[in-house]
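Q: build the 3D model from these lines:
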Amino acid sequence: SWEFNITTGVVAWSEETFRIFGQSPAVGTPTYESFLELLHPDDRNHLDHVLQTTIATAQPYKIEYRIYQPDGSLVYISARGGLLSDISGKVTYLIGTVQDITERKLAEQQLQKAKETAEYANHAKSEFLALMSHEIRTPMNGILGLTHLALQTDLTPYQQDYLTKIQSSGQSLLEIINDILDFSKIEVGKLELESIPFELDQILNHIKNILALKAAEKGLELLFQVGDEIPQYLIGDSLRLTQVLMNLASNAVKFTETGSVTIGVQLLTYSQETVCLKFQVQDTGIGISPSQMEKLFQSFTQVDASTSRQYGGTGLGLAICKGLVNIMGGIIGVDSELGKGSIFYFEVELGYLWEPDDNSSYQVFNDSRQTQFSSMRELEEIQGADVLLVEDNAVNQQIAKELLQKVGLRVDCVTNGKEAIAKVMEQIYDLILMDIRMPGMDGLEATRRIRSLAKEDDSATEWFAAVPIIAMTANAMNIDRAKSSAAGMNYHLSKPVNPQELYQTLLKWIIPTKSSSVPTNNIPSLLPENTSVPVPENTSVPETATLSVPGLNINFGLELTGGDWSDYQDILRLFQTSTRKYDTEILTALNQGDLKQALYLVHSLKGVAGNIGADILYKSAASLHRDLQSETPDLEVLSSKALILAQQFQQVLESIDIFLDRFTSQ
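A: Next comes the predicted model:
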């Protein structure tokens, strides 16, 4: 302990204080000024300020500082103290205690250094993994690219078989590389999530299309259980959500020899803005013992060595799932018993698109697949309205045109912004549907120019400012919506086109008119999304038509044509002819470094793939589209994803051929 006489300025130390400070009592107690000189230079002013403040405010203090001993060693001190008054209440002394905390401080420093060393090593490891995955991608891209091109040539059956197996093996290796890259991104905190609208059914259909064949080959039932109260349209990162659910489901199929795999989605809680969903995958497979469960979700780890030998895999899948779910703010876990199967589950919070009704918070979940229109009278009120459709893709244009004409609208079609401006100079429209990315003048610039045609205090031009302009594009990011709004657009519809949302938008923005000259008997009823598609009379429908051929969700595509099989066939044929070379054109653009052209082609393919029901192709195009829009695009990643896209594109073309052949042969 020590004391300082405020009146006389005399300082007194105890023997222990002399020992801690390394001073000799024989020499005497140093003055306050000489004591400050013993402190580390960075601590002197701070201690002086604390002591002066205590004298001025009468508040006790607690502080840590460093002091040099005569041998030059540095001692860490923990000090506390306060003021002492005499009988009359006059403050006379500043007193305090000191404690040597050098050992504790050195231990803390060593611990911090060890932590930093470990973090640096972990970061270096992740950076190395990312670098190596990129280095491996370069030759892999060459292998897969040349294999893809070779498969397009005339081959003998043996050559076809060899190249197909090379392609399959290369794709498997590429998936492992992608796992390593994802894992390294998660570890170094570089993996970011998106928050965009998506349909839950599209995710489940994607998983079904990929796993149905594998499950059937093993004699397994692949089942889906989704609560009716769950909203169909959610907001989040659909790509990463699919990745987690797909990993769990594919593991279940891999480790199950008999029985079934059930994928379920359950509503846990909801609010006006979010829902908490529980996704689970239940299997009747080999199960996991309690001791083995401790190893789950650890990187590069499987439950035992025999699992790796028998089933393969890197042991990264569940670690990536855990990392992704953690980034989403959710939890992931497993319930299992050895020999009796497992239930893997994760819970995440997602946004959704509708708000609850004021009178009933449950109404928003009252069958999300139910049509939003109570009768056709609302659409009858806008029959005969004039709509300008600005769309450069022939397939998308045909789909949108038929959807509009089926509800009695008159439609003019143009393919770029310049043509749109020319049209609005000739005719007044009730609404304009505008694509964003088009050759020549894009939709944003066209909208700005149309709005600029309106002149103040000129009633003849006020229509240019008032006409509703709706973006109808595959650009679904929030920044894209902001750009649309800034350009003067009134609303933003995302492709693939959802008929219900399109018709709702028409009703919202087109002013009803009673002067319809369009017959009403052509308007179809608006089907609930989960309703079976009606078949027109005298139409021959193949038995396989209600099923999804690989890569093509036929029922989804039919919804866009109101169940018209003939129209759907026409759209598929148009897709074949108008996009036949898209895969090679995208690869060529990337090889030449023309990212702008690649973005345009992928954007176009993304929209049309979604519209025809090519779910897997749509997901791949959406992923590549996001990467192409990055401020720092990775050319190796782009090329890798483009190769995968090309393979899926060829699968879709083959599936269309199969479907059309079966249809016409019936």
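Q: now do the residue nearest the centre of the chain against Lys295, distance only.
A: The geometric centre of the chain, computed from its C-alpha atoms, lies nearest to Asp237 (CA atoms, centre = their mean), at 2.5 Å. Asp237 sits 28 Å away from Lys295 when distances are taken as CB to CB, to the nearest Å. Just so you know, the C-beta spots here come from the backbone N, C-alpha and C atoms, and that holds for glycine as well.
Q: how long is stretch 458-469 end to end?
A: Stretch 458-469 stretches 20 Å from its first residue to its last (CA to CA, to the nearest Å).
Q: state the mean pLDDT of that stretch.
A: Averaging pLDDT along stretch 458-469 yields 80.
Q: ok, now stretch 109-116?
A: Mean pLDDT, taken over the full extent of stretch 109-116, equals 86.
Q: so which bits of it are buried?
A: Residues of stretch 109-116 classed as buried by neighbour count (16 or more other CB atoms under 10 Å): none.
Q: and it, how far from the chain's centre?
A: Mean C-alpha position of stretch 109-116 versus that of the full chain (CA atoms, centre = their mean, to the nearest Å) differs by 36 Å.
Q: pretty sure Gly189 sits in a helix.
A: No: following the definition DSSP: H, G, I helix; E, B strand; the rest coil, Gly189 is coil and is not counted among the residues of a helix.
Q: tell me where the stretch 1-150 of the chain is predicted with low confidence.
A: The stretch 1-150 of the chain contains residues with pLDDT under 70 at 125-139, 141-142, 145, 149.
Q: which residues of it fall in strands?
A: In the stretch 1-150 of the chain, the strands defined using DSSP state E, counting those that start in this stretch lie at 2-5, 11-13, 61-68, 74-85, 91-100.
Q: and these: which comes nearest Ala446?
A: Of all these, strand 61-68 sits nearest to Ala446, with 66.8 Å by CB to CB.
Q: any idea of the angle that closest one forms with strand 74-85?
A: Per axes from the mean of the first three to the mean of the last three CA atoms, to 10 degrees, the angle that strand 61-68 makes with strand 74-85 is 140 degrees.
Q: could you work out the end-to-end span of stretch 624-643 for me?
A: Distance between the boundary residues of stretch 624-643 (CA to CA) amounts to 10 Å.
Q: re the thing from before, quick one: contacts for the residue nearest to the centre of the chain?
A: Applying CB atoms under 8 Å, 6 or more residues apart in numbering, one finds that Asp237 lies in contact with 193-196, 328.
Q: I'd guessed Asn416 sits against Met441; true?
A: Yes: using CB atoms under 8 Å as the test, Asn416 is close enough to Met441 to be in contact (5.8 Å).
Q: hmm, back to that, and the residue nearest to the centre of the chain, how far from Leu453?
A: Using CB to CB, we find Asp237 at a distance of 40 Å from Leu453.
Q: same check, this time on Cys276
A: 48 Å.
Q: report the beta-bridge partners for Trp13.
A: On the basis of DSSP bridges, Trp13 is bridged to Trp2.
Q: domain assignment for this protein?
A: For the chain, automatic domain parsing gives the domain ranges 2-100, 125-187, 197-358, 377-509, 543-665.
Q: save the ones you listed as a markdown table, and put in distance to Ala107 too.
A: Supplementary listing: the domains of the chain in a markdown table, determined by distance: least, CB to CB, whole Å:
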| stretch | distance to Ala107 |
| --- | --- |
| domain 2-100 | 11 |
| domain 125-187 | 27 |
| domain 197-358 | 29 |
| domain 377-509 | 48 |
| domain 543-665 | 42 |
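Q: show me where the stretch 101-250 of the chain has its helices.
A: Per DSSP state H, counting those that start in this stretch, the stretch 101-250 of the chain has helices spanning 102-151, 157-187, 200-217, 238-254. These are given in chain order.
Q: likewise the stretch 251-400 of the chain?
A: Taking DSSP H, counting those that start in this stretch as the criterion, the stretch 251-400 of the chain carries its helices at 290-293, 305-311, 317-327, 377-380, 394-405.
Q: just put these in a markdown table and tack on mean neighbour count.
A: Supplementary listing: the helices of the stretch 251-400 of the chain in a markdown table, determined by neighbours: other CB atoms under 10 Å:
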| stretch | mean neighbour count |
| --- | --- |
| helix 290-293 | 12 |
| helix 305-311 | 11 |
| helix 317-327 | 21 |
| helix 377-380 | 15 |
| helix 394-405 | 22 |
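Q: those into CSV, with extra columns for distance to Lys641?
A: Rendered in CSV, the data for these read as follows (distance: least, CB to CB, whole Å):
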stretch, distance to Lys641
helix 290-293, 35
helix 305-311, 27
helix 317-327, 17
helix 377-380, 41
helix 394-405, 22
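Q: lowest average pLDDT across those helices?
A: If you rank the helices of the stretch 251-400 of the chain by mean pLDDT, helix 305-311 sits at the bottom with a mean of 46.
Q: tell me which of the strands of the stretch 1-150 of the chain lies nearest to Ala118.
A: In this view, the strands of the stretch 1-150 of the chain are compared for proximity to Ala118 by CB to CB, and strand 74-85 is the closest at 24.3 Å.
Q: mind listing the strands the closest one pairs with, and their directions?
A: Each strand pairing with strand 74-85, determined using DSSP bridges, is listed with its direction: strand 61-68 (antiparallel), strand 91-100 (antiparallel).
Q: may I see the buried residues of the first one?
A: For strand 61-68, a neighbour-count test (16+ other CB under 10 Å) marks 61, 63, 65-68 as buried.
Q: and for stretch 23-40?
A: When neighbours are counted by 16+ other CB under 10 Å, the buried residues of stretch 23-40 are found to be 23, 29, 35-36, 38-39.
Q: and if you look at stretch 268-280?
A: Going through stretch 268-280 with 16+ other CB under 10 Å, the ones that come out buried are 270, 274-275, 277-280.
Q: straight-line length of it, end to end?
A: Stretch 268-280 has an end-to-end distance of 12 Å (criterion: CA to CA).
Q: state the mean pLDDT of it.
A: Mean per-residue pLDDT for stretch 268-280: 89.
Q: surely Val244 touches Ala319?
A: No: shown here, Val244 and Ala319 do not form a contact pair, counting by CB under 8 Å, at 11.6 Å.
Q: gap between the closest residue to Gln243 other than its chain neighbours and Leu239?
A: Counting by CB to CB, 6 or more residues apart in numbering, the nearest residue to Gln243 once its immediate chain neighbours are dropped is Leu324, at 6.5 Å. Distance check for Leu324 against Leu239: by CB to CB, it reads 10 Å.
Q: OK, contacts around Leu444?
A: 436, 483-484, 487.
Q: out of these, who's nearest Ala394?
A: The nearest member of the contacts of Leu444 to Ala394, counting by CB to CB, is Ile436 at 17.2 Å.
Q: circling back: now, among the buried residues of stretch 268-280, which is nearest to Ser620?
A: For the buried residues of stretch 268-280, the closest approach to Ser620 (CB to CB) belongs to Phe279, at 21.8 Å.
Q: follow-up on the earlier one: can I get the contacts of Asp237 in a markdown table including pLDDT and distance to Phe346?
A: Compiled in a markdown table, the contacts of Asp237 are given as follows (pLDDT from 0 to 100; distance: CB to CB, whole Å):
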| residue | pLDDT | distance to Phe346 |
| --- | --- | --- |
| Leu193 | 81 | 14 |
| Glu194 | 80 | 18 |
| Ser195 | 83 | 18 |
| Ile196 | 85 | 20 |
| Met328 | 92 | 8 |
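Q: and the helices of the stretch 101-250 of the chain: which comes nearest Val608?
A: Going by CB to CB, the one of the helices of the stretch 101-250 of the chain nearest Val608 is helix 200-217, 15.4 Å.
Q: now do that closest one and helix 238-254, the angle between them.
A: Going by the same axes, to 10 degrees, helix 200-217 is angled at 20 degrees with respect to helix 238-254.
Q: what's helix 200-217 packed up against?
A: strand 221-226, helix 238-254, strand 260-270, helix 615-628 (3 or more CB pairs under 8 Å, 6 or more residues apart in numbering; DSSP states H and E).
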